[in-house]
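Trainee: Fold the following and give me the result.
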Amino acid sequence: MNKHFTFTINSICLDENYHPSDKTRITTNFANLARGSHRQANLRNALKMIDNSFNALAHWDNPKGDRYSVELEIISVNLDIDGSGQTFPSIEVLKTNIVDHKTNKRIEGIVGNNFSSYVRDYDFSVLLAEHNKGQAKFSIPDDFGGLHGKLFQSFVNSDAYKQNFNKPPVICLSVSDNKTYHRIENQHPVLGVEYQPNESSLTEQYFKKMGLQVRYFMPPNSVAPLAFYFFGDLLNDYTHLELISTISTMGTFQKIYRPEIYNANAVAGKCYQPNLKNLDHSLTQIVYDRAERSQLANEQGKFAAEYFIKPYQKFFEQWSANFV
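Mentor: Next comes the predicted model:
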């Protein structure tokens, strides 16, 4: 499928000593936390929150709530298009690993979780803006997200992915603040109660082109549903501990980035509309710059246009047309 180009995978530990590399998308949430005068305290506090959340969810045979800790790896995926050895940073995700201090075992978690992509920055911050410039009514360009979706599927089906990871990725995002979510009867012991949106969002449609389906669950101890994007069968393809590693990691990051929704003082009801203007929420002790993140997404979208989309446009058109 991707015989024209090759993926290479690099990984780095995300701990309190983590410094973003020059090649990291600095809009990536954890990279935002790892800069400035509070960087080490930010990371230490976030990692402690993740461990506490994990132990609260994995409470069986865990009387003191300290049996497990979560180790995080940042997985960077580079793409060599023409075999020259020159690579473009295409995708960045997180991998969870679980340490069981009772058995002294290290258990593989889930890859995905957070999701970052220069091409997605280009699609949302550059292409969408240019397409709608001067238009009275917002619209989506033809085949919006098509190239990005094919690149992602190509990566998941690549030898590089299969050699490094045993299961397909699960990506966990926040809910959309312009949709309404209705709680249904379905309930899972770890994922919690299931919600369904009143309509499909642009993010849903974008991730569908990546081959991913979505379900919304509000886990125990959470106050709002999370969006889980996955291949296959989310509820049966992963163990409870694997799912808890994703919930605790991404639930923590969402409390930091979206406190109005995920650190709200009231729990989502049967009919729930997320509200980013909700004042009834608590802040974590972790510094995060949301305004800077939006600005950087635009800069990185332009970077992708200049060094990736435009130079290889003809190649991508031909490759996409033959994509299976």
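
Trainee: V99 belongs to a helix?
Mentor: No. Per DSSP: H, G, I helix; E, B strand; the rest coil, V99 lies outside any helix segment and is strand.

Trainee: my guess is it contacts G109, does it?
Mentor: No. Counting by CB atoms under 8 Å, V99 sits too far from G109 to count as a contact (10.2 Å). (C-beta placed from N, C-alpha, C; glycine too.)

Trainee: Residues contacting stretch 271-291, please?
Mentor: Applying CB atoms under 8 Å, 6 or more residues apart in numbering, the set of residues contacting stretch 271-291 from outside is 29, 32-33, 36, 38, 41-42, 45-46, 49, 174-177, 179-183, 195, 224-225, 255-261, 263-266.

Trainee: Now which of those would you call buried?
Mentor: Taking 16 or more other CB atoms under 10 Å as the criterion, what is buried in the contacts of stretch 271-291 is 29, 32-33, 42, 45-46, 49, 174-176, 179, 181, 183, 195, 224-225, 255-261, 263-264.

Trainee: joint contacts of V99 and G109?
Mentor: With CB under 8 Å, 6+ apart, V99 and G109 have common neighbours V70.

Trainee: higher neighbour count, the two?
Mentor: Neighbours per residue, other CB atoms under 10 Å: of V99 and G109, the larger number sits with G109, 29 against 15.

Trainee: Next, the more buried one: secondary structure please.
Mentor: For G109, the assignment made with three-state DSSP gives strand.

Trainee: any idea of the pLDDT on it?
Mentor: At G109, the model reports a pLDDT of 96.

Trainee: again, but for R25
Mentor: We have a pLDDT of 47 for R25.

Trainee: could you pull out the strands for the stretch 101-250 of the chain?
Mentor: Listed in chain order, the strands of the stretch 101-250 of the chain (DSSP state E, counting those that start in this stretch) span residues 105-117, 170-174, 181-188, 192-197, 213-218, 226-230.

Trainee: what's N10 sitting at in phi/psi?
Mentor: Recorded main-chain torsions at N10 are phi -120, psi 150, according to degrees, to the nearest 10.

Trainee: Show me what it bridges to in the sheet.
Mentor: Beta-bridge partners for N10, by DSSP bridges, are S76.

Trainee: isn't it right up against S76?
Mentor: Yes. With contact defined as CB under 8 Å, N10 and S76 form a contacting pair (4.7 Å).

Trainee: Mind checking which of those two has more residues around it?
Mentor: Neighbour count, other CB under 10 Å: between N10 and S76, S76 has more, with 22 against 15.

Trainee: If I look at that one, what pLDDT would I see?
Mentor: Taken from the predicted model, the pLDDT recorded for S76 is 91.

Trainee: what does the one 5 residues further on give?
Mentor: Turning to I81, the model gives it a pLDDT of 86.

Trainee: For it, which non-adjacent residue is closest in space?
Mentor: When the adjacent residues along the chain are set aside, I81 lies closest to F5, with 4.6 Å between them (CB to CB, 6 or more residues apart in numbering).

Trainee: Surely the one you found and L79 touch.
Mentor: Yes. With contact taken as CB under 8 Å, F5 and L79 are classed as touching, separated by 5.9 Å.

Trainee: now the residue nearest to I184 when sequence neighbours are not counted, which residues is it bridged with?
Mentor: Counting by CB to CB, 6+ apart, I184 lies nearest to E194, which is 5.2 Å off, once chain neighbours are set aside. According to DSSP bridges, the residues that bridge with E194 are F217.

Trainee: quick one: E194 and E185, what's the gap?
Mentor: Here the criterion is CB to CB, to the nearest Å. By it, E194 lies 8 Å from E185.

Trainee: what's the burial count for the nearest residue to T6 once chain neighbours are set aside?
Mentor: Distances taken as CB to CB, 6+ apart place D80 nearest to T6, at 4.9 Å, with adjacent residues excluded. When counting by other CB under 10 Å, one arrives at 15 neighbours for D80.

Trainee: Now do the same contact list for D80.
Mentor: Residues counted as contacts of D80 (CB under 8 Å, 6+ apart) are 5-8, 86-87.

Trainee: Show the buried residues in these.
Mentor: In terms of neighbour count (16+ other CB under 10 Å), the buried residues within the contacts of D80 are 5-7, 87.

Trainee: Out of the residues you listed, name the ones that lie in helices.
Mentor: In helices, judged by DSSP state H, none of those are found.

Trainee: The most centrally placed residue in the chain and Y229, how far apart?
Mentor: Ranked by distance to the mean C-alpha position of the chain (CA atoms, centre = their mean), the top residue is N114 at 2.3 Å. As defined by CB to CB, N114 lies at a distance of 12 Å from Y229.
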